[in-house]
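>>> return a 3D structure for these sequence lines:
(2 chains)
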Amino acid sequence: KAGVTQTPRYLIKTRGQQVTLSCSPISGHRSVSWYQQTPGQGLQFLFEYFSETQRNKGNFPGRFSGRQFSNSRSEMNVSTLELGDSALYLCASSLFGGDGLARDDTQYFGPGTRLTVL
Amino acid sequence: ELKVEQNPLFLSMQEGKNYTIYCNYSTTSDRLYWYRQDPGKSLESLFVLLSNGAVKQEGRLMASLDTKARLSTLHITAAVHDLSATYFCAVRHDKIIFGKGTRLHILP
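Model prediction:
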């Protein structure tokens, strides 16, 4: 079974630009979460989607947005990029059912997208 | 708001020794996860602990959960160099919150 894939793997942008990152979950997984990882702040939760609905959102400004498609693929968008947005963006998929009943909701992480903002 | 604290944050230890990483969390939860991350790599799931008293073991790693104390431990037995990595615990309380990670360096 193929793992979680993320594209692109590396991205260099300049301040003020916008960026879209893509995540394809493991087949059968309907829950997708996004995280930002930086050396200073560690792993911070961005969003969680289940069946095209955003279930949760972390404490990030409105410049960060996301969506999930009917095939469970997800995208996140960052507009008006700032230097501080430079980070590794990780996507994870799981069998989490949105209702707390999935007993093993292990998150399987993709390789990440390394975003550098100049 | 849920807070997840790991300690220690850095750990350097000799091969063959035992040690424990602690994960405390602030709000009731019955799901706790342990992950491993190698430098420059993504996260790999190690354990999912779903109930009070849960204990799981894989090789030299053993994880346990005490939901009453809001504490999980990751115990390393007879450490080997290959276990050098950063270990994260995470807790689900609606959303999943990660600890800051414990960077483990095992000296040969």
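
>>> least trustworthy helix or strand in chain B by mean pLDDT?
In chain B, the helix or strand scored least confidently by mean pLDDT, DSSP states H and E is strand B:95-98, which has a mean of 89.

>>> so how far is that one from its chain's centroid?
Remark: strand B:95-98 is offset 14 Å from the chain centroid, using CA atoms, centre = their mean, to the nearest Å.

>>> in its sheet, what does it sit against?
If you go by DSSP bridges, strand B:95-98 pairs up with strand B:85-93 (antiparallel).

>>> what comes into contact with the strand it pairs with?
Contact with strand B:85-93 is made by A:43, A:105, B:2, B:4, B:6, B:21, B:23, B:25, B:27-29, B:31-39, B:43, B:46, B:72, B:74, B:96-99, B:101-104, as judged by CB atoms under 8 Å, 6 or more residues apart in numbering or on different chains. Any C-beta I mention is one placed from the backbone N, CA and C, and that applies to glycine too.

>>> can you give me the end-to-end span of stretch A:34-51?
With CA to CA, to the nearest Å as the measure, stretch A:34-51 spans 15 Å from end to end.

>>> following the least confident helix or strand of chain B, which helix or strand shows up next?
Downstream of strand B:95-98, the first helix or strand assigned by DSSP states H and E is strand B:102-107.

>>> list of residues touching that following strand?
Taking CB under 8 Å, 6+ apart as the rule, strand B:102-107 contacts B:6-15, B:21, B:76, B:79-81, B:83-88.

>>> what about 6 Å?
Residues outside strand B:102-107 that contact it (CB atoms under 6 Å, 6 or more residues apart in numbering or on different chains) are B:6, B:10-15, B:21, B:79, B:81, B:83-84, B:86-87.

>>> list the buried residues for that strand?
Buried positions in strand B:102-107, judged by neighbour count with 16 or more other CB atoms under 10 Å in any protein chain shown: B:102-104, B:106.

>>> can you check stretch B:28-45 too?
Neighbour-count burial for stretch B:28-45 flags B:29, B:31-37, B:42-43, B:45 (criterion: 16+ other CB under 10 Å).

>>> before we move on, what about stretch A:23-41?
The neighbour-count check on stretch A:23-41 (16+ other CB under 10 Å) flags A:23-26, A:29-37 as buried.

>>> what comes into contact with that stretch?
Contacts for stretch A:23-41 (CB under 6 Å, 6+ apart): A:4-6, A:43-51, A:68, A:72-74, A:76, A:87-96, A:108.

>>> could you do stretch A:60-71 as well?
If you take CB under 6 Å, 6+ apart as the criterion, stretch A:60-71 is touched by A:32, A:46-47, A:49, A:52, A:74-80.
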